[in-house]
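In: next come a sequence and a model predicted from it.
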Amino acid sequence: MKKIIIAIDGHSSSGKSTMAKDLAKQIGYTYIDSGAMYRALTLYSLQNGIIYGEKINEEKLRLSLPDIKITFQLNAQSRQPETYLNGRNVEKEIRGMEVANWVSAIAAIPYVRQALVAMQQELGKHKGIVMDGRDIATVVFPDAELKIFVTASPEVRARRRLEELIAKGENASYEEVLANVKKRDYMDSTRTEGPLRQADDALILDNSFMTVPEQKAWLITQYNRVVNQ
Ligand code: CDP
């Protein structure tokens, strides 16, 4: 069967990672969470004085880039890929509110995007990959065989994200999470480099009122349609 690239973009907390991960597992593809790469870089910036007070020292970040290694390793138990920053497992740390509050500002810096896009393209050069993010179908893999754009209302997304945070033992309010979701939507769609937008040839999925199994079934149908063409 032919190997393809599946690019899944969409708004924050739209459930795209869940569907991307499930599909990759089912069809034996590699799953890459491009957001985790921006999050890991943000964590590095918080831990190394690059983000200080309300500011980002962009020059220091640029000079640090060659020293920052972001990799993924499969967790033997969960069979899910986890994010490593310079050899340290940071999967849990990068999902907290502190990183969420800064990640879109870090991701808007043009040289950050150029560096991470190059890494992402390298990861997909042999195809057989499902990658999710904001600019995967438009910038990273404009020739991807299957492009999906996922969305849901901000309120539904904030509710989902809050449930995830609470399940992980983090303290956050619905209002705080909703504000973060809306702020990141705004920053992600209005930045000049690699803004969040739907590729012209992407299929749109609004999953506000869909269950996880329903969305999984929809995606596998799309995959089968493309590989059997
Ligand atoms: O988990 P959630 O869907 O909220 O976000 P994520 O996929 O983990 O991405 C976190 C942030 O990284 C986004 O809000 C974007 O600012 C940035 N990002 C990006 O700019 N480009 C990508 N390809 C992926 C993420």
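Out: Right, received. Where do you want to start?
In: and the most centrally placed residue in the chain, what pLDDT?
Out: Compute the mean C-alpha point of the chain, and by C-alpha atoms, centre = their mean the closest residue is Gly35, 2.9 Å away. We have a pLDDT of 96 for Gly35.
In: unless I'm mixing things up, Ile136 is touching Asp9, no?
Out: Yes. Look at Ile136 against Asp9 with C-beta atoms under 8 Å: they come within range, at 5.4 Å. The way it works is simple: take the backbone N, C-alpha and C, and place the C-beta from them, glycine included.
In: show me which of those two is the more surrounded one.
Out: More crowded of Ile136 and Asp9, by other C-beta atoms under 10 Å: Ile136, with 32 against 27.
In: report the contact partners of that one.
Out: 7-9, 34, 120, 144 (C-beta atoms under 8 Å, 6 or more residues apart in numbering).
In: so how far is Ala108 from it?
Out: The gap separating Ile136 from Ala108 is 17 Å, by C-beta to C-beta, to the nearest Å.
In: the strands in this protein, which residues?
Out: Secondary structure of the chain, counting by DSSP state E: strands at 5-10, 30-33, 51-52, 55-56, 70-74, 81-85, 88-89, 129-133, 146-151, 203-206.
In: nearest to the ligand, of those?
Out: Across those, the ligand has its closest neighbour in strand 129-133 (2.5 Å, C-beta to the nearest ligand atom).
In: with just CA atoms, put the closest one into CSV.
Out: The C-alpha trace of strand 129-133 is given here as CSV (Å, rounded to 0.1, in the frame of the first residue of the first chain):
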residue,chain,number,x,y,z
ILE,A,129,3.9,10.0,9.0
VAL,A,130,0.9,11.7,10.7
MET,A,131,1.9,15.2,11.9
ASP,A,132,-0.4,17.7,13.6
GLY,A,133,0.0,21.4,14.2
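In: now do that strand: distance to the chain's middle.
Out: 8 Å (C-alpha atoms, centre = their mean, to the nearest Å).
In: and it, which strands flank it?
Out: Within its sheet, strand 129-133 is paired with strand 5-10 (parallel), strand 30-33 (parallel), according to DSSP bridges.
In: who touches the first one?
Out: It refers to strand 5-10. Applying C-beta under 8 Å, 6+ apart, the set of residues contacting strand 5-10 is 16, 19-20, 23, 29, 124, 127, 129-138, 140-141, 143-151, 196, 198-199, 202, 205, 223.
In: quick one: mean pLDDT over it.
Out: 97.
In: and it, how far from the chain's centre?
Out: 10 Å.
In: and the ligand, is it touching that?
Out: No. Strand 5-10 stays clear of the ligand (C-beta under 6 Å from any ligand atom), getting no nearer than 7.4 Å.
In: cool, and the shortest one?
Out: No. Counting by C-beta under 6 Å from any ligand atom, the ligand has no neighbours in strand 30-33; the shortest distance is 6.6 Å.
In: got the buried residues for that strand?
Out: 30-33 (16 or more other C-beta atoms under 10 Å).
In: how about the contacts made by Val103?
Out: Val103 neighbours (C-beta under 8 Å, 6+ apart): 35, 38-39, 42, 184.
In: among these, which are within reach of the ligand?
Out: 35, 38-39, 184.
In: most neighbours among those residues, which one is it?
Out: Arg39 (26 neighbours).
In: where do the helices sit along this structure?
Out: Using DSSP state H, the helices found in the chain span residues 16-27, 34-47, 58-64, 97-107, 110-123, 154-167, 174-190, 212-227.
In: now the angle from the fourth one to helix 154-167?
Out: This points to helix 97-107. 130 degrees (axes from the mean of the first three to the mean of the last three C-alpha atoms, to 10 degrees).
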